[in-house]
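A.B. asks: build me a model from this:
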Amino acid sequence: MTAALVRALGDLAHRAAHPAGCGPRPCPPPAVLAERDDGIVVRSGPVVAKAHAADTDTSALAARLRLAAGPGRTGILLATLPHPDHGAHLAELHGRPVTLWPHGEPVDPGDPDSAPWEEAGALLARLHRTEVREPLPAMRGPLKAALAVARMRTARPGGPAGDPVLTAWRGLPGWARGETPPPAGRGAYLCHGDLHLGQLVRHPASHGRWLLIDVDDAGLGDPAWDLARPAAWYAAGLLPPDVWLRFLDAYRAGGGPAVPVDGDPWPALDVPARALTVQSAALARAKAAAEGRAPDEVEQIMIDACARIASLPPELAAGPTS
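C.D. replies: Below you'll find the model as predicted:
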C-alpha cells in the first residue's frame, strides 16, 4: 500500500507541477521527502503532495486548510494549492486525505548559526495575534504529547516501575495531557500546535521571508504551547541561552500574548515546556526501542530532563490547574 501511495502522490504532484509537460527535457522524477505513519510527503519540482494520517479528522483538516488561506494569514502561513483535476484543496488517495503545497526552501540543518530563531518568534507573535472569526478545532499540541506517550508504552510494554518519563507525564495537569480544557483565558488564541524549525520555509512568493507550514495541528489553544519546544530545549541545555533569548525577545517585540512583555516568562511556559520534554523523551524511547538501540546523546538528554522533572515536589510538578 505504501509503495502504491507514494507512486500516486508522485503522479499527483507531477501533474500539478507540470500541467503542460516539461518541454523537450524529461521531467525530474518525484522525490520522497518524508515517509511516516502520520504523513507521506512527495515532491515534484515546485509542488509537494502530502498524504495525511489515515485516521485524520477531515472536517477539522478542511477547517485548518481554510485557515491557512484566510485573510490576515498572508505572510504567516503557507497556503495549499488546488487539485489539478477538480480544483479542491482536499482530496483522497488510497483511503488517505491528500493535500498539495508549494515547495519552499527549508531551514538548513547543517548551518545552525543561521537558523531563523528571530523570524520564528516574530511569526508566532503575528499568528497568535491573528483574529479568528471562523470555527476552528482545538490546537492538537497536548493530544500529540499524549500520542507520543501512548507510542512509547506500546513500544516498551511492561516498562520499569517509576519510569521517569511516565512519572513526569503523570505530574502534568490534565489540560497539558489533552484531558481537560486549557486554563481560563488561555485557550482562545490561534496556535500552530507543532512549532519547530522544520516548520519554516522560504517560498519565492514570500519574497524571501520565512513562512510557517504544516497546519495539521493548528487551532485554538494556549499560545505558550508554541514556545514550549524551544523552551524545553533551553531548559535541557540543548538550546544556548543567547539563542533562546533572541527567539523570546523577537516574540515579545512582536506583541506575542503567550508571555508577559517583560519579566520572567517561565510561569507561563513551565507546564507546556515540561509536556514537550515528556513528548520528546517518549518519542526518543519509542524510536530507540523500534530500532533495537539505546537512545542517542540528544535523546538521552531529554530523558534525563524528565528524571529531573519527576523529582520535583508534587506542588511544583503539578503546575497551574486553572
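A.B. asks: ends of stretch 247-263, how far apart?
C.D. replies: Terminal residues of stretch 247-263 are spaced 15 Å apart (C-alpha to C-alpha, to the nearest Å).
A.B. asks: quick one: mean pLDDT for stretch 298-316?
C.D. replies: Per-region confidence: stretch 298-316 scores 86 on mean pLDDT.
A.B. asks: which parts of the stretch 51-200 of the chain are strands?
C.D. replies: Read by DSSP state E, counting those that start in this stretch, the stretch 51-200 of the chain holds these strands, from start to end of the chain: 91-93, 96-102, 105-106, 189-191, 200-202.
A.B. asks: buried deepest among those strands, which one?
C.D. replies: When neighbours are counted by mean count of other C-beta atoms under 10 Å, the highest per-stretch mean among the strands of the stretch 51-200 of the chain falls to strand 189-191, a mean of 25. Placement of C-beta: from N, CA and C, glycine included.
A.B. asks: tell me which strands that one pairs with, and in which orientation.
C.D. replies: Strand 189-191 has the following sheet partners, assigned by DSSP bridges: strand 219-221 (antiparallel).
A.B. asks: who wins for proximity to residue 79 among the strands of the stretch 51-200 of the chain?
C.D. replies: strand 96-102 (8.1 Å; C-beta to C-beta).
A.B. asks: restricting to C-alpha, output that closest one in CSV.
C.D. replies: Included here for strand 96-102 are C-alpha records, laid out as CSV according to Å, rounded to 0.1, in the frame of the first residue of the first chain:
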residue,chain,number,x,y,z
ARG,A,96,-5.8,8.8,2.9
PRO,A,97,-6.6,12.6,2.8
VAL,A,98,-4.2,14.4,0.5
THR,A,99,-3.2,18.0,0.0
LEU,A,100,-0.9,19.9,-2.4
TRP,A,101,1.5,22.6,-1.3
PRO,A,102,4.1,24.9,-2.9
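A.B. asks: report the rounded mean pLDDT for it.
C.D. replies: 95.
A.B. asks: same deal with stretch 213-223?
C.D. replies: Confidence over stretch 213-223 (mean pLDDT, whole number) is 94.
A.B. asks: quick one: distance of that stretch to the chain centre.
C.D. replies: In this view, stretch 213-223 has its centroid 8 Å away from the chain centroid, taken as C-alpha atoms, centre = their mean, to the nearest Å.
A.B. asks: end to end on it, go ahead and measure it.
C.D. replies: Separation of the first and last residues of stretch 213-223 by C-alpha to C-alpha is 17 Å.
A.B. asks: report the buried residues of it.
C.D. replies: For stretch 213-223, a neighbour-count test (16 or more other C-beta atoms under 10 Å) marks 213-223 as buried.
A.B. asks: looking at the residues you listed, which are in strands?
C.D. replies: 219-221 (DSSP state E).
A.B. asks: including distance to residue 44, could the residues you listed go into CSV?
C.D. replies: As requested, these are arranged in CSV below (distance: C-beta to C-beta, whole Å):
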residue, distance to residue 44
219, 30
220, 34
221, 34
